[in-house]
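Student: take a look and give me a structure for this.
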Amino acid sequence: QLRLVESGGGLVQPGGSLTLSCGASGSTLDRYAVGWFRQAPGKEREGISCIHSIDSSTYSEDSVKGRFTISRDNAKNTVYLQMNRLKPEDTAVYYCAAVRSQFCSTLDAYEYWGQGTQVTVSS
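Tutor: Have a look, this model is predicted:
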């Protein structure tokens, strides 16, 4: 059973940076496509970035493209989300999730979820 744990959230000023980590145990993460999602208060959970397992190519939503970078280190069984030029509207609980697939998928397809980590962007 794959287990995911996010870390790295916190309070940061607008324009600042954070790196989130999604550490896995129970299985090797290289067989899974992994996505980062976020949920702001009163809003639905949304996918923002994902990384395929077949070739580690990535996809990012327009709202974060050019600011956030997803990557994976299979040796460490970890996926990262580097977040730069953070904005107040990036404030949310961030989740990583994995699906046993070569390719990223829609939110409902992700089988394994972490508990989330809070990111707050405020001055």
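
Student: residue 123 versus the spatially most central residue of the chain, what's the distance?
Tutor: Nearest to the geometric centre of the chain sits residue 36, at 2.4 Å (Cα atoms, centre = their mean). In this view, residue 36 and residue 123 are 24 Å apart by Cβ to Cβ, to the nearest Å. For glycine as for every other residue, the C-beta is placed from the backbone atoms N, C-alpha and C.

Student: got it, and residue 59?
Tutor: In terms of Cβ to Cβ, residue 59 sits 31 Å off from residue 123.

Student: who has more neighbours out of those two?
Tutor: residue 59 (16 against 8; other Cβ atoms under 10 Å).

Student: can you tell me the helix or strand for the more buried one?
Tutor: strand 58-60 (DSSP states H and E).

Student: what's that strand packed up against?
Tutor: strand 46-51, strand 68-73 (3 or more Cβ pairs under 8 Å, 6 or more residues apart in numbering; DSSP states H and E).

Student: buried deepest among the ones you listed, which one?
Tutor: By mean neighbour count, with neighbours taken as mean count of other Cβ atoms under 10 Å, strand 46-51 ranks first of the helices and strands packed on strand 58-60 at a mean of 21.

Student: contact partners of that one?
Tutor: Strand 46-51 has contacts (Cβ atoms under 8 Å, 6 or more residues apart in numbering) with 33-39, 57-61, 63-64, 68-72, 79, 81, 104, 106-107.

Student: this protein: strands as residue ranges?
Tutor: 3-7, 10-12, 18-25, 33-39, 46-51, 58-60, 68-73, 78-83, 92-99, 112-113, 117-121 (DSSP state E).

Student: next, format those as CSV and append mean pLDDT.
Tutor: Listed next are the strands of the chain as CSV, based on pLDDT from 0 to 100:
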stretch, mean pLDDT
strand 3-7, 97
strand 10-12, 98
strand 18-25, 97
strand 33-39, 98
strand 46-51, 96
strand 58-60, 93
strand 68-73, 96
strand 78-83, 98
strand 92-99, 98
strand 112-113, 98
strand 117-121, 98
